[in-house]
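Enquirer: Here is a sequence together with a model predicted from it:
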Amino acid sequence: MAIIGGTGLYQLAQLQDVESHQPVTRYGAPSGPVRVGMLAGRRVAFLARHGEGHSMPPHRVNYRANLAALQALGATRVLALNTVGGISTAFAPRALGCPDQLIDYTWGRVSTICEEPGTEVLHVDFGEPYSRSLRAAVLAAAKKAGVPVADGGCYGATQGPRLETRAEITRMRRDGCDLVGMTGMPEAGIARELGLEYACLAIVANWAAGAGPDPDEVITLQDVLDNVAVASAKLPSLLGALLEG
């Protein structure tokens, strides 16, 4: 199992007997060292998507190298922790969600492992962008651990690093998006191309622009980090149940 941490999640404190790896893949270097250790009796790899000092904006993350590095270290399942904004009422700040669909609004990112000349062209099925079995395992673990997790919903992946306008969120709501984040793609698509099981556990850090009860609310980084910290306190028991299962 590999876990990718998003904004506000730069380490997995529960890991024991940690070893650090800095693999270089055919796609370059990952965002930072991969920390591999034991959690709930299982070998787990953790990687901070933006780097442990949050030095990489979403559009500059080397998603291919990150996933290839985790796979090279033996990972077959990847749980992506994504910090997001809530659009629909089921995804209020400090909630957790496990979406089952996504829409890609990003542009200009290297979005496939089929980029280099001579590489086999893959046309992977992406109708269900998240692995059904891993999603089911996450939801079962949440139930076992007594951690509320919203089942389903559509993640809208935007370019960033700026937050969205109210008009953009209105459009995304019309499109059917329940959550908005900046790192859901191309990560999910590349994971599918690499043959990795992949699921998203979304951590709602704020209401998206104009979506909350106060349409004039100004989103601050401190509010985001505070909400992520509260929501993340629920993760150790959920992850423990997932690994034990």
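Expert: Thanks, I have it. The model shown is predicted, which means the values in this text are computed figures rather than measured ones.
Enquirer: Let's see the pLDDT reported for E52.
Expert: At E52, the model reports a pLDDT of 88.
Enquirer: residue contacts, the closest residue to D104 other than its chain neighbours?
Expert: With sequence-adjacent residues excluded and distances taken as Cβ to Cβ, 6 or more residues apart in numbering, D104 is closest to M185, at 4.2 Å. Any C-beta I mention is one placed from the backbone N, CA and C, and that applies to glycine too. M185 makes contacts with 102, 104, 106, 109, 111, 157, as judged by Cβ atoms under 8 Å, 6 or more residues apart in numbering.
Enquirer: Measure how buried L196 is and give me the count.
Expert: For L196, the count of nearby residues is 20 (other Cβ atoms under 10 Å).
Enquirer: Revised request: answer the last question for G146.
Expert: Using other Cβ under 10 Å as the criterion, the residues surrounding G146 number 10.
Enquirer: what does D223 give?
Expert: D223 has 15 neighbours, counted by other Cβ under 10 Å.
Enquirer: Give me the buried positions along stretch 58-77.
Expert: 58, 61-71, 73, 75, 77 (16 or more other Cβ atoms under 10 Å).
Enquirer: Highest neighbour count among the contacts of M185?
Expert: If you count neighbours using other Cβ under 10 Å, the busiest of the contacts of M185 is A157, which has 26 neighbours.
Enquirer: circling back: mind putting the contacts of M185 into TSV with distance to T83, pLDDT and secondary structure?
Expert: What follows is the contacts of M185, written out as TSV (distance: Cβ to Cβ, whole Å; pLDDT from 0 to 100; DSSP: H, G, I helix; E, B strand; the rest coil):
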residue	distance to T83	pLDDT	secondary structure
L102	15	97	strand
D104	18	98	strand
T106	16	98	coil
R109	18	96	coil
S111	21	94	coil
A157	13	98	strand
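Enquirer: looking at this structure, which helix or strand is least sure?
Expert: In the chain, no helix or strand scores lower on mean pLDDT, DSSP states H and E than helix 221-232, which sits at a mean of 88.
Enquirer: which residues are in contact with that helix?
Expert: 7-9, 83, 93-96, 203-206.
Enquirer: do that again at 7 Å, thanks
Expert: 7-9, 83, 93-94, 96, 203-206 (Cβ atoms under 7 Å, 6 or more residues apart in numbering).
Enquirer: what about R132, neighbour count?
Expert: 11.
Enquirer: let me fix that: D17
Expert: Going by other Cβ under 10 Å, the residues that sit close to D17 add up to 9.
Enquirer: Find the helix or strand that it is a member of.
Expert: Using DSSP states H and E, D17 maps to strand 16-21.
Enquirer: Tell me which other helices or strands the next helix or strand after that strand touches.
Expert: Going down the chain from strand 16-21, the next helix or strand is strand 34-39, by DSSP H and E. Packing partners of strand 34-39 (3 or more Cβ pairs under 7 Å, 6 or more residues apart in numbering; DSSP states H and E): strand 16-21, strand 42-48.
Enquirer: you'd agree A65 is in a helix?
Expert: Yes. Assessed with DSSP: H, G, I helix; E, B strand; the rest coil, A65 lies in a helix.
Enquirer: Please look at it and V34 and confirm they touch.
Expert: No. At 10.8 Å, A65 does not count as touching V34 under the criterion of Cβ atoms under 7 Å.
Enquirer: Contacts for the longest helix that the chain contains, please.
Expert: Using DSSP state H to define each element, the chain has its longest helix at helix 132-145. Helix 132-145 has contacts (Cβ under 7 Å, 6+ apart) with 77, 79, 98, 100, 149, 151, 197-199, 201, 237-238, 241-242, 245.
Enquirer: Closest one to M1 out of these, please.
Expert: R77 (5.1 Å; Cβ to Cβ).
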